[in-house]
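Asker: Predicted structure and sequence below. I'll ask about it afterward.
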Amino acid sequence: MPDLVKIEKLRVEYRSRESQNGFKVAVDGLDLTVGSGEVFGFLGPNGAGKTTTMNVLLGFVSPSSGSASLFGVDVREPIARQRIGYLPELTYYYKFLSAEELLRFYGKIFRIPKGELEKRIDSILKLVELEHARKRLIKTYSKGMQQRAGIAQALINNPDLLILDEPTSGLDPIGRMKVREIIQRLKEEGKTVFFSSHELGEVETVCDRVAILYQGKLQVEGRVDDLVKNYKTNLEQIFLKVIGYQSSQAV
Amino acid sequence: MINNALAVAGIVIKELYRRKDFYVLFVLTALITLLLGCVNFFNDDRIARYLKEICLLLIWISSLIIAVTTTARQIPAERENRTIFPLLAKPLTRGHLVFGKFLGCWFASGLSLVVFYFFFCVVSGAREHQWPLLIYLQALWLHWILLALVVAMVLLGSIMFAAPSSNSTICFIFIVGILLVGRHLHRIAIQLQEPIRTIVSVIYFAIPHLEFYDIREMIVHNLPPISMLACLIATVYAIGYTAFFLIATWLVFRRKSLTA
């Protein structure tokens, strides 16, 4: 399986007034690979460095040291983003556009020919179940519908790799289930999905492999089946154990 | 680059015509002009001149409001709504985004200018029964070129100041200041003591002289069109400043965090 995502000895530091030495380490010596066709869960508590790692992969943040590449191309090159789709956490898309217009706009950036773009818009809107609302302005959408519009924009270039940052964050159970179904369908289509989530049950159901990050460092990485077998418990308990969480009752 | 910039520009233009700002300003300008046009003060034959003067002043105010407020909110809104993330996750650089926003705001302002000047042309033609189209076209062109400079300047402000409202206020003060005082700065400098004299003189030569683009007086007094060479020089002057502001915007934006 060729590596679509490759991260080597990644370190990201931020300037911080609160810290004594003047900077804060967000990611510390991270090594990670994601193979083609895998669904990879990137886990960790808030502030663990998940979004920072994703921001490096997307070229938003420059690494302090180490390297990251997508499809073998350095992430700082815009061309590395030609074959990826990205869904950020909690985005409020252009209120004055409809879902159809939003997808047309993003499609233009990828220079997708007009005929093909229209066909793709039809099929993606069907996939994310927004066909009925395609001409309605996004400002009239519910949160779940907005999130599905976000997934649709991430799919417009028929990407080989999808990077999803907490795709089910803030959604009701039905919304979460719909997003999970979309990820399942993408998995069946052979897409590579790299996603972060706090919904560990969902990660256990959908992912082939997971990595758990804590305080910027990689704590555990492996196949979900293997981890469950080795630790003899479910992913949620593994997660809590790895980050050293003790409930107040246990204390 | 052009493909990406045009895609971004298209969204800005769509935003302008789907918002109410332009329509409100146009209706206000039209209403005030038409109301004044109905009144005949003291049976004065020169009433058409006053009407033209007021209409042009309203067009200038409206166009500056549209250009400044539209531009000031562009990049801050992208950051605040987080749409900048999916946008820059595509093969689109920060340079493309800045240039696209510039083109969008400039074209959108240009479209609204065409509507305003068409209205002015109809109103003044109906009153004076003459159509000096060349000078009207020159006025429209110079006004549009001035807006390129204004849009680029406000775009730089939108990267430097966090809130669009503070950016708009600062830019309005700066623009109105240049339009009213800019041309007199060197005369003021002569009357001052050193080192303030040098400072004021440097400011005089450094600021973009927006008053070059204001030929309202010539239209009001039915003067002949200005020379094409003067128009060309003014255009090149504006392109120089616009390029400077756009490059500065790109350089600052390159290092800026994407979060609001």
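Answerer: It's in.

Asker: Tell me which residue in the stretch 151-251 of chain A sits closest to chain B.
Answerer: Minimum separation of the stretch 151-251 of chain A from chain B (CB to the nearest CB) falls at residue A:153, amounting to 5.8 Å. Where you see a C-beta, it was placed from the backbone N, CA and C, and this is true even at glycine.

Asker: Next, the contact list for that residue, please.
Answerer: Contact partners of residue A:153, counting by CB atoms under 8 Å, 6 or more residues apart in numbering or on different chains, are A:85, A:87, A:93, A:102, A:103, A:106, B:86.

Asker: which residues does the residue most central in space within chain B contact?
Answerer: The residue at the geometric middle of chain B, judged as the C-alpha nearest the mean C-alpha position with CA atoms, centre = their mean, is residue B:147 (2.8 Å). For residue B:147, the residues meeting the contact criterion (CB under 8 Å, 6+ apart) are B:63, B:67, B:106, B:109, B:110, B:113.

Asker: what's the spacing between the closest residue to the second one other than its chain neighbours and chain A?
Answerer: Across the structure, with CB to CB, 6 or more residues apart in numbering or on different chains as the measure, the residue nearest residue B:67 apart from its sequence neighbours is residue B:109 (4.3 Å). Taking CB to the nearest CB, to the nearest Å as the measure, residue B:109 and chain A are separated by 18 Å.

Asker: Next, residue B:109: phi, psi?
Answerer: When read as degrees, to the nearest 10, the backbone of residue B:109 gives phi -60, psi -40.

Asker: Could you tell me how many residues sit around it?
Answerer: By the other CB atoms under 10 Å in any protein chain shown criterion, the neighbourhood of residue B:109 contains 27 residues.

Asker: Is it correct that it is in contact with residue B:63?
Answerer: Yes. Counting by CB atoms under 8 Å, residue B:109 touches residue B:63, with 6.3 Å between them.

Asker: Just the element for residue A:185, please.
Answerer: Residue A:185 belongs to helix A:173-188 when assigned by DSSP states H and E.

Asker: Now do the closest residue to residue A:214 other than its chain neighbours, the pLDDT please.
Answerer: Nearest-residue entry for residue A:214: residue A:243, 4.7 Å, with adjacent residues in sequence omitted and distances by CB to CB, 6+ apart. Model confidence at residue A:243, expressed as pLDDT, equals 81.

Asker: Does residue B:48 touch residue B:126 like I think?
Answerer: No. Here residue B:48 does not reach residue B:126: they are 9.3 Å apart, not a contact under CB under 8 Å.

Asker: Can you give me the buried ones in stretch A:114-124?
Answerer: Of all the residues in stretch A:114-124, those buried under the rule 16 or more other CB atoms under 10 Å in any protein chain shown are A:117, A:120, A:121, A:124.

Asker: Take the residues you listed and keep only those in strands.
Answerer: When DSSP state E defines the strands, the subset of the buried residues of stretch A:114-124 inside them is empty.

Asker: tell me which of the residues you listed is nearest to residue B:1?
Answerer: Distance to residue B:1, by CB to CB, is smallest for residue A:117 among those, at 20.1 Å.

Asker: In contact with residue A:215, which residues?
Answerer: Residue A:215 sits next to A:28, A:48, A:49 when contact means CB under 8 Å, 6+ apart.

Asker: mind putting the residues you listed in TSV, secondary structure, neighbour count and pLDDT included?
Answerer: Formatted as TSV, the contacts of residue A:215 follow (DSSP: H, G, I helix; E, B strand; the rest coil; neighbours: other CB atoms under 10 Å in any protein chain shown; pLDDT from 0 to 100):
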residue	secondary structure	neighbour count	pLDDT
A:28	strand	18	89
A:48	coil	23	86
A:49	coil	24	88
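
Asker: Residue A:223: which of those residues is nearest?
Answerer: The shortest gap between residue A:223 and any of these belongs to residue A:48, at 20.7 Å (CB to CB).

Asker: which ones are touching the nearest residue to the closest one once chain neighbours are set aside?
Answerer: Here the nearest residue to residue A:48 in space, its sequence neighbours aside, is residue A:213; by CB to CB, 6+ apart that works out to 4.4 Å. Contact partners of residue A:213, counting by CB under 8 Å, 6+ apart, are A:27, A:30, A:42, A:43, A:44, A:48, A:49, A:50, A:53, A:219.

Asker: can you give me the mean pLDDT across stretch A:180-191?
Answerer: When the per-residue pLDDT values of stretch A:180-191 are averaged, the result is 86.

Asker: Buried residues of that stretch, list them for me.
Answerer: Residues A:180, A:182, A:183, A:186, A:187, A:191 are the ones in stretch A:180-191 that count as buried (16+ other CB under 10 Å).

Asker: a markdown table for those, including distance to chain B?
Answerer: Supplementary listing: the buried residues of stretch A:180-191 in a markdown table, determined by distance: CB to the nearest CB, whole Å:
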| residue | distance to chain B |
| --- | --- |
| A:180 | 21 |
| A:182 | 16 |
| A:183 | 17 |
| A:186 | 17 |
| A:187 | 21 |
| A:191 | 16 |
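
Asker: Figure out the helix or strand that residue 115 lives in.
Answerer: Assuming you mean chain A. With DSSP H and E as the criterion, the answer for residue A:115 is helix A:114-127.

Asker: Correction: the question concerned chain B.
Answerer: In this assignment (DSSP H and E), residue B:115 forms part of helix B:94-128.

Asker: from the middle of its chain, how far away would that helix be?
Answerer: 9 Å (CA atoms, centre = their mean, to the nearest Å).

Asker: Please read off the pLDDT at the nearest residue to residue A:165 once chain neighbours are set aside from the model.
Answerer: The shortest distance from residue A:165 to any residue that is not its chain neighbour, by CB to CB, 6+ apart, is 4.5 Å, and that residue is residue A:89. The per-residue pLDDT reported for residue A:89 equals 83.

Asker: Residue A:89: what secondary structure?
Answerer: coil (DSSP: H, G, I helix; E, B strand; the rest coil).
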